[in-house]
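Asker: Here is a sequence with its predicted model. Questions after.
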Amino acid sequence: MDFWQLAISGLANGSVYGLIALGFVLIYKATEAVNFAQGDFMMMGAFITIWLTNEQYLGFSFWLAIPLAILIMALLGYLLDVVVIRRMFGQPQIAVIILTIALGFIIRFAAGAIWSHEPQLLETPFAGREVHFGGLVLGFEEVAVIIVTLLLTMFLFLFFKKAKLGKAMQAASQNQLAAYYVGIPVKRIQSLVWALGGSVAAVAGILFASKGAVDPSTGLLGIKAFAAAVIGGFGSLPGALIGGLIIGLIEPFAAYGLPAGYSQVAPYALMLLVLIFRPAGLFSQMHKKKV
Amino acid sequence: MRFVFKRSYDDDIKLFKHRPQAFYYLALLILMLALPLLLDDFFLGEVTYVLIFAIAGMGLMLLTGHTGQVSLGHAAFLALGAYLNAIMLSKGIPFVITLPLAGILTGIIGMIIALPVLRLHGIYLAIATLAISVLADDIIVMAEPFTGGVTGLVAPPIDIFGLDIDRYGTPILFYFLVLFVTLFVLMIYRNIMRSPLGRAFVAMRDSEISAQALGVNITKTKATAFAISCAITGLAGALLGHFAGAFNNETFNIVLSIQLLLMIVIGGLGSIHGAFFGAMVVGFLPQFIAITRDFATDNFGFNSLSMPGIETGVFALILVLFILFEPMGIYGRWVKIRTYFELFPFYRKNMFKRQKSYLKTERMK
């Protein structure tokens, strides 16, 4: 029974990593830029939800707060692209990486200044509720996290595969200039992608905050999500989720079976192994660059 | 206006482009040598700190600015240098041997670590090096018998041929030690950039495929760049260990890695000057913020003490502004201003405009 308990809580953690990784992959897939601030986006989403729901702040109803928080984060993402990222258009990829790292620092500082550095919990209506499933006692949050994550990944996967907008996003990423030529409004598409990235981060933040306390440095979780995205193969949405789940599963079992300290190292060690032996990740999308 | 006529091919790789330039640098050197006479111990310590960061910045600049390989993990190599130096010193090996040895060993270990990572490029390399930085933190804790774990190590006193050098006891001697290392690294760096190896670095940064087509061995050159970069960073780490006095895994955390990268970007990627300018910003910013904070508290009754992390926040904000409005950094801005006056009145606004590149995916389906 212990095994299943560990596995489920690992899967729930992994789902959050997967959701952050999904944000990376989403933005990377559609704009070829990597948002190193995605973890901080998630932290921001969590704090905005806490700010909307918790009694000590605005005290809105939980079910009203969720769509509001997602909307606010989408707006923030959109604005961020319009005001800052869009200016980087046509500059080397590395400049965007450094820019988003700096933005992450700023977001972390802003969150600390607004909501203090104390860890805070999201007050959810289903706090403490349990789900009994074939002899297992599971936290309601854990089950909810896993289900929401699976649904969201499926939705995004279908969105990129079937919807016109999703296809336009992929086209804009595959060749910016050619996408212009066929009439895709590349700049607006990119802003929409950032908005989408922001709302996915908000969902991740809400799920994370309902499971445990959040403080401004929670965003550093993003580094673990990187490992997830790399293991899954940057650019593949289901890959990101599976990468996240793998990391989520490895952590508790490494902590259970290995001496202290190794469980923190395990995700990164696995990522380095994947990078060395299968640089393109498990769900490869890389091909040899042609001149 | 000044015209520099080139009369031979060697003129392209001369250390100084023209005589006045050599004079300026000589004047700067004399100023640096005379600095202990002009400043008190506190500010001399600050300058020493800036110089140590400039050495680390040069290490990263060689890799990121001149070879185009982004590393988010250089704090790991700073740590490696600091620990190697301190461990060897405590075994009784004299400082004149441990310092260079710490650099060389860091370079070798860095290259071994880099070899598998070198096949990656762009974001993959950035992420892999980020992972190295995170791992270094945990490995330091796990290797407690050597590193002292969370308690950390105390850097043993330096003794060069009977001369005791200590950061607090003899700050002037420590300053000269750091200045000497800075100049040494600077000479090596300048000369590498004048050699075929340096030109191979730059060629690789500008286009890996073209460099390969021109006969540059990509893997070998990248590995060399990594090794030299890590060696320089290791030297800086050893000095930083002595500057800090005591250090543990927290001293070299991931934020330091990122700060190093941000530093050289603010200074100006692709120029040695940039490493120094960036180090100055990093070194003096905390002082500047402290002074501004006192000023604000006194005059507006504004209490900013409740804002921890304001330094990184302001630093990041400066960086964002630089990337948006002056991607070439402080040095780039200086070059523009200089060119404006040198060419007056023929300076044109778009003289330094870079060609835009439209992205194509590396993934194809």
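Answerer: Thanks, I have it. Numbering: from 1, shown residues only, chains lettered A, B, ... in the order given.
Asker: list the contacts for whichever residue of the stretch 101-250 of chain A sits closest to chain B?
Answerer: Closest residue of the stretch 101-250 of chain A to chain B, C-beta to the nearest C-beta: residue A:109 (3.1 Å). Glycine gets a C-beta too; all of them are placed from N, C-alpha and C. By C-beta atoms under 8 Å, 6 or more residues apart in numbering or on different chains, the residues touching residue A:109 are A:216, B:307, B:309-310, B:312-313, B:316.
Asker: and which of these is nearest to residue B:124?
Answerer: Of all the contacts of residue A:109, residue B:124 sits closest to residue B:316, with 24.0 Å by C-beta to C-beta.
Asker: In contact with that closest one: list those residues for me.
Answerer: Residue B:316 touches A:102-106, A:109, B:262, counting by C-beta under 8 Å, 6+ apart.
Asker: same thing but 6 Å
Answerer: A:102, A:105-106 (C-beta atoms under 6 Å, 6 or more residues apart in numbering or on different chains).
Asker: Can you say which of the residues you listed are also within reach of chain B?
Answerer: A:102, A:105-106 (C-beta under 6 Å from any C-beta of the partner chain).
Asker: Which of these ranks first by neighbour count?
Answerer: Highest neighbour count within these, by other C-beta atoms under 10 Å in any protein chain shown: residue A:102, with 29 neighbours.
Asker: hang on, the earlier thing: state the mean pLDDT of the stretch of helix or strand the residue of the stretch 101-250 of chain A closest to chain B belongs to.
Answerer: When elements are assigned from DSSP states H and E, residue A:109 belongs to helix A:93-115. The average pLDDT within helix A:93-115 is 87.
Asker: same deal with stretch A:70-84?
Answerer: So the average pLDDT for stretch A:70-84 ends up being 93.
Asker: how about that stretch: buried residues?
Answerer: A:70, A:72-74, A:76-78, A:80-82, A:84 (16 or more other C-beta atoms under 10 Å in any protein chain shown).
Asker: All the helices of the stretch 151-291 of chain A, in order from the start?
Answerer: A:164-174, A:176-181, A:186-211, A:222-232, A:237-257, A:262-277 (DSSP state H, counting those that start in this stretch).
Asker: Give me the distance between the fifth one and the centre of its chain.
Answerer: Right, helix A:237-257. 14 Å (C-alpha atoms, centre = their mean, to the nearest Å).
Asker: Any part of it near chain B?
Answerer: No. Helix A:237-257 lies apart from chain B when judged by C-beta under 6 Å from any C-beta; the minimum separation is 11.6 Å.
Asker: Could you list every helix and strand in contact with that helix?
Answerer: helix A:2-31, helix A:140-162, helix A:222-232, helix A:262-277 (3 or more C-beta pairs under 6 Å, 6 or more residues apart in numbering or on different chains; DSSP states H and E).
Asker: tell me the pLDDT at the residue lying closest to residue A:28 once chain neighbours are set aside?
Answerer: Spatial nearest neighbour of residue A:28, chain neighbours left out: residue A:34 (5.4 Å); criterion: C-beta to C-beta, 6 or more residues apart in numbering or on different chains. pLDDT for residue A:34: 85.
Asker: Please report how far residue A:34 lies from residue A:235.
Answerer: Between residue A:34 and residue A:235 the computed distance is 11 Å (C-beta to C-beta, to the nearest Å).
Asker: Next: residue B:311.
Answerer: For residue B:311 relative to residue A:235 (C-beta to C-beta), the value is 36 Å.
Asker: if you count what's nearby, which of these two comes out ahead?
Answerer: residue A:235 (24 against 17).
Asker: Low-confidence regions, the chain specifically.
Answerer: Using chain A here. A:1, A:127-128, A:135, A:284-291 (pLDDT under 70).
Asker: Actually, chain B is the one I wanted.
Answerer: In chain B, residues with pLDDT under 70: B:1, B:121, B:300-308, B:355-365.
Asker: in it, which spans are strands?
Answerer: Assigned by DSSP state E, chain B shows strands spanning B:153-154, B:158-160, B:163-165, B:246-247.
Asker: Please indicate which of the helices and strands packed on helix A:237-257 has the most neighbours on average?
Answerer: Of all the helices and strands packed on helix A:237-257, helix A:222-232 has the most neighbours on average by mean count of other C-beta atoms under 10 Å in any protein chain shown, namely a mean of 28.
Asker: now that helix, how far from the centre of its chain.
Answerer: 10 Å.
Asker: what do you get for stretch A:165-180?
Answerer: Distance, centroid of stretch A:165-180 to centroid of chain: 22 Å (C-alpha atoms, centre = their mean).
Asker: So which bits of chain A are right by chain B?
Answerer: Residues of chain A lying near chain B (C-beta under 6 Å from any C-beta): A:32, A:34, A:87, A:90, A:93-95, A:97-99, A:101-102, A:105-106, A:109, A:112-113, A:173-177, A:226, A:230, A:235, A:261, A:264-265, A:268, A:271-272, A:275-276, A:279, A:285-287, A:291.
Asker: center of chain B, which residue is that?
Answerer: Centroid check for chain B by C-alpha atoms, centre = their mean gives residue B:57 as the closest residue, at 0.4 Å.
Asker: check contacts around that one.
Answerer: So residue B:57 contacts B:263-264, B:275, B:278-279 (C-beta under 6 Å, 6+ apart).
Asker: how far away is the closest residue to residue A:200 other than its chain neighbours from residue A:45?
Answerer: Distance criterion C-beta to C-beta, 6+ apart; nearest residue to residue A:200, sequence neighbours excluded, is residue A:23 at 4.7 Å. Distance from residue A:23 to residue A:45, counting by C-beta to C-beta: 10 Å.
Asker: for residue B:316, same thing?
Answerer: On the measure of C-beta to C-beta, residue B:316 and residue A:45 end up 20 Å apart.
Asker: related to what we said a few turns ago, is it possible to get a markdown table of the buried residues of stretch A:70-84 that adds distance to residue A:246 and secondary structure?
Answerer: Shown next, in a markdown table, are those (distance: C-beta to C-beta, whole Å; DSSP: H, G, I helix; E, B strand; the rest coil):
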| residue | distance to residue A:246 | secondary structure |
| --- | --- | --- |
| A:70 | 27 | helix |
| A:72 | 32 | helix |
| A:73 | 27 | helix |
| A:74 | 29 | helix |
| A:76 | 30 | helix |
| A:77 | 27 | helix |
| A:78 | 32 | helix |
| A:80 | 30 | helix |
| A:81 | 31 | helix |
| A:82 | 36 | helix |
| A:84 | 33 | coil |
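Asker: Nearest to chain B among these?
Answerer: Nearest member of the buried residues of stretch A:70-84 to chain B, counting by C-beta to the nearest C-beta, is residue A:84, at 6.8 Å.
Asker: Could I get the contacting residues of residue A:240?
Answerer: Applying C-beta under 6 Å, 6+ apart, the residues near residue A:240 are A:18, A:21-22, A:25, A:229, A:232.
Asker: For residue A:75, see how far away the nearest residue to it once chain neighbours are set aside is.
Answerer: Distance criterion C-beta to C-beta, 6+ apart; nearest residue to residue A:240, sequence neighbours excluded, is residue A:21 at 3.9 Å. Residue A:21 sits 23 Å away from residue A:75, going by C-beta to C-beta.
Asker: Return stretch B:116-128 as CSV; C-alpha atoms alone will do.
Answerer: The C-alpha trace of stretch B:116-128 is given here as CSV (Å, rounded to 0.1, in the frame of the first residue of the first chain):
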residue,chain,number,x,y,z
PRO,B,116,29.2,15.3,-23.1
VAL,B,117,27.4,18.6,-22.8
LEU,B,118,29.2,20.1,-25.7
ARG,B,119,27.1,18.2,-28.3
LEU,B,120,24.2,20.4,-27.2
HIS,B,121,23.7,24.0,-28.3
GLY,B,122,21.6,26.9,-27.6
ILE,B,123,19.0,26.3,-24.9
TYR,B,124,20.0,22.7,-24.3
LEU,B,125,23.4,23.8,-23.3
ALA,B,126,22.0,26.6,-21.1
ILE,B,127,19.7,24.0,-19.3
ALA,B,128,22.5,21.4,-18.9
